[in-house]
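Chemist: Dropping the sequence and predicted coords here.
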Amino acid sequence: MTFKTKEEIEIIKESSQISSEIMKRLKAFVKPGISTKELDEIARNLILEYKVESAFLNYDGFPAVLCTSVNEVIVHGVPSDYKLKEGDIISLDFGVKYKGYYSDMAFTLPVGKVSEKANKLIRATKKSLELAIKVAKPGNRLGDIGFTIQNFLEKEGFHPIRELCGHGIGKDLHEDPQILNFGKKGEGLEIKEGMVFCIEPMASIGDWRIKKAKDGYGWQTRDGSLSAHFEHTVAVFKNKAQNLTYF
């Protein structure tokens, strides 16, 4: 893994804020009747407007700039002609490359009115990320991040996805270390100033086990249960971690 200088972190922060601005604008289009392919087209146009590069397009052959993961699909869903329906939930995962540095973020949104169970899943997954960022500070360990996510989600009645994880980020989209969504306090790599990584809790209402989605890129819950996903790019400073892709 690599440690970033203050200058590099500043560029990653600029990249992250562009991703955040684009996602903020995309959020307004999520409603019943819009297709996931239309959301991808909007994201492509915004990339051109901000004069940045897509982090995802052609990465391992991925054919879009935006991951659109609906209901049981956890991550990496490919945009399609599918039109969102009232009661769906959708994870939007997006990133850009700016001045040679990547940023990456995701959130899950309700489509119109959704069930209380779906709303609770979304709220809990988002909260687990907020709690994880607070413990991602120098002197703690990566296991503290995983423990925090797992402990909170399980108390809320949900299951962290164990076979997918967060990652380091910088000049490459995916760098070391891996950031697991489960773990034990005090275990794993020590968190130090200069680390930049993506924390991305994923949770399901049912079983945590996964399988490949029909599009060949996405991952979905094996039992077909609803899932949610949140992600922020985080930089570690002397006394704390800072969320770089904040709204």
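Modeler: Cool, got the structure.
Chemist: contacts for stretch 202-219?
Modeler: By C-beta atoms under 8 Å, 6 or more residues apart in numbering, the residues outside stretch 202-219 that reach it are 62, 67, 69, 73-78, 80, 117-118, 121, 124-125, 128, 153, 158-164, 181, 220-229. The C-beta positions use only the backbone N, C-alpha and C, and glycine is treated the same way.
Chemist: Recalculate using a threshold of 7 Å.
Modeler: Contacts to stretch 202-219, defined as C-beta atoms under 7 Å, 6 or more residues apart in numbering, come from residues 62, 69, 73-78, 117, 121, 124-125, 153, 158-164, 181, 220-223, 225-229.
Chemist: from the residues you listed, which would you call buried?
Modeler: 62, 69, 73-78, 121, 124-125, 153, 158-161, 164, 181, 220-222, 225-229 (16 or more other C-beta atoms under 10 Å).
Chemist: Mind checking the pLDDT average for the one helix or strand K211 maps to?
Modeler: Using DSSP states H and E, K211 maps to strand 210-212. For strand 210-212, the mean per-residue pLDDT is 98.
Chemist: My understanding was that T2 contacts G170; is that so?
Modeler: Yes - taking contacts as C-beta atoms under 7 Å, T2 lies within contact range of G170: 6.1 Å.
Chemist: Sort out for me which of the buried ones among the contacts of stretch 202-219 are in strands.
Modeler: Assignment to strands by DSSP state E places the following of these there: 69, 73-75, 159-160, 220-221, 227-229.
Chemist: Put together TSV for the residues you listed, with pLDDT and distance to L84 on each row.
Modeler: Converted to TSV, these look like this (pLDDT from 0 to 100; distance: C-beta to C-beta, whole Å):
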residue	pLDDT	distance to L84
S69	98	12
V73	98	13
I74	98	17
V75	98	17
H159	98	25
P160	98	26
Q220	98	17
T221	98	19
S227	98	16
A228	98	15
H229	98	16
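Chemist: what's around the residue lying closest to L84 once chain neighbours are set aside, how many residues?
Modeler: Of all residues not flanking L84 in the chain, V111 sits nearest, at 4.7 Å (C-beta to C-beta, 6 or more residues apart in numbering). Number of residues near V111 (other C-beta atoms under 10 Å) recorded here: 20.
Chemist: quick one: V111 and K83 touch, right?
Modeler: No - under the contact definition of C-beta under 7 Å, V111 does not touch K83, with a separation of 10.0 Å.
Chemist: picking up where we left off before, who's more crowded, T2 and G170?
Modeler: For T2 versus G170, neighbours defined as other C-beta under 10 Å are more numerous around G170 (24 against 14).
Chemist: Any figure for the gap between the more buried one and V30?
Modeler: 30 Å (C-beta to C-beta, to the nearest Å).
Chemist: Shouldn't P177 be within a helix?
Modeler: No - according to DSSP: H, G, I helix; E, B strand; the rest coil, P177 belongs to no helix; its state is strand.
Chemist: what's in contact with the longest helix along the chain?
Modeler: The longest helix of the chain (DSSP state H) is helix 6-27. Residues from elsewhere that reach helix 6-27, judged by C-beta under 7 Å, 6+ apart: 4, 39, 42-43, 46, 50, 52, 92, 94-96, 98-99, 101-103, 105, 109, 170, 196, 233, 235, 244-247.
Chemist: List the buried residues in whichever strand or helix holds L46.
Modeler: Using DSSP H and E, L46 sits within helix 36-50. For helix 36-50, the neighbour count (16+ other C-beta under 10 Å) marks 36-40, 42-43, 46-47 as buried.
Chemist: cool, stretch 92-109 as well?
Modeler: For stretch 92-109, by 16+ other C-beta under 10 Å, it's 92-98, 101-109.
Chemist: Those residues in strands, which ones?
Modeler: Counting by DSSP E, the buried residues of stretch 92-109 contribute 92-98, 101-109 to strands.
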